[in-house]
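K.L.:
output the structure for:
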Amino acid sequence: MAVSLVDGEGLPLYFGRMDGALPAASEIAVSKAYTAAVLRMPTHEVGELAQPGSMLYGIQNTHGGRIILFGGGFPLRLGGKAAGGIGISGGTVEEDMRVAVPVVELLARMEACSSAIRDMLPEDLSLEQGIGRLESILVRALSRTGEELPAGLSVLLTGAIYLAAARKT
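P.N.:
Reported below is the predicted structural model:
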């Protein structure tokens, strides 16, 4: 599979491709992320609106042919506003969507957690200093409960702390 993340304007932030991925998956993932970001909607919804007789019919012929009409691209939102897009390619359309949806859901969970902890952070906490330390302290503290930590908890905490700190400044 190939994974692409773009900012709210569709500009690249991250790209990764697994060994053995179809060569076409790379460009398709990039275009899915771009489409989702610049149109602010999932690519499968763009495809539905681009059918003959629908209001976006022909849109795939704009933007240098970068608009994708099938699933696997989703907009990423923060604070209700478009923050970027993710594009996944390499499997079937259903598989690509199944891989992308948890990323969208995790970002929403990170944002919800960041809202809950934002006011608890020290005023002088900076992104450059201390955020990583704070995350490791929280993970260590939670591991002391004796409970098995849910998979992905440290990723959720890290993202939430970064979002909270970024919004605090």
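K.L.:
where does pLDDT dip in this protein?
P.N.:
121-137, 139, 141-142, 149, 167-169 (pLDDT under 70).
K.L.:
tell me the domain ranges of it?
P.N.:
As given by automatic domain parsing, the domain ranges for the chain are 2-92, 121-168.
K.L.:
tell me which of the ones you listed is the most buried.
P.N.:
Across the domains of the chain, averaging neighbours per residue (mean count of other CB atoms under 10 Å) puts domain 2-92 on top, at a mean of 18. Just so you know, the C-beta spots here come from the backbone N, C-alpha and C atoms, and that holds for glycine as well.
K.L.:
show residues contacting the top helix by length along the chain.
P.N.:
What stands out as the longest helix in the chain, according to DSSP state H, is helix 93-117. Contact partners of helix 93-117, identified using CB atoms under 8 Å, 6 or more residues apart in numbering, comprise 1, 32, 44, 70-74, 76-79, 86-91, 152, 155-157, 159-164, 167.
K.L.:
just how off-centre is it within its chain?
P.N.:
7 Å (CA atoms, centre = their mean, to the nearest Å).
K.L.:
mind listing what's buried in it?
P.N.:
Asp96, Met97, Val99, Ala100, Val104, Leu107, Met110, Glu111, Cys113, Ser114, Ile117 (16 or more other CB atoms under 10 Å).
K.L.:
all strands of this structure, in order?
P.N.:
Assigned by DSSP state E, the strands in the chain fall at 2-7, 12-17, 73-78, 81-89.
K.L.:
could you dump those strands to TSV with distance to Ile59?
P.N.:
Converted to TSV, the strands of the chain look like this (distance: least, CB to CB, whole Å):
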stretch	distance to Ile59
strand 2-7	18
strand 12-17	21
strand 73-78	14
strand 81-89	16
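K.L.:
Glu147 is nearest to which of those?
P.N.:
Glu147 sits nearest to strand 73-78 of all the strands of the chain, at 29.8 Å, using CB to CB.
K.L.:
partner strands of the closest one, parallel or antiparallel?
P.N.:
Sheet pairing for strand 73-78, assigned by DSSP bridges, gives strand 81-89 (antiparallel).
K.L.:
what does the partner strand contact?
P.N.:
Strand 81-89 has contacts (CB under 8 Å, 6+ apart) with 1-8, 10, 13, 24-26, 28-38, 40, 43, 68, 72-77, 96-97, 99-100, 103-104.
K.L.:
okay then, goodbye and thanks.
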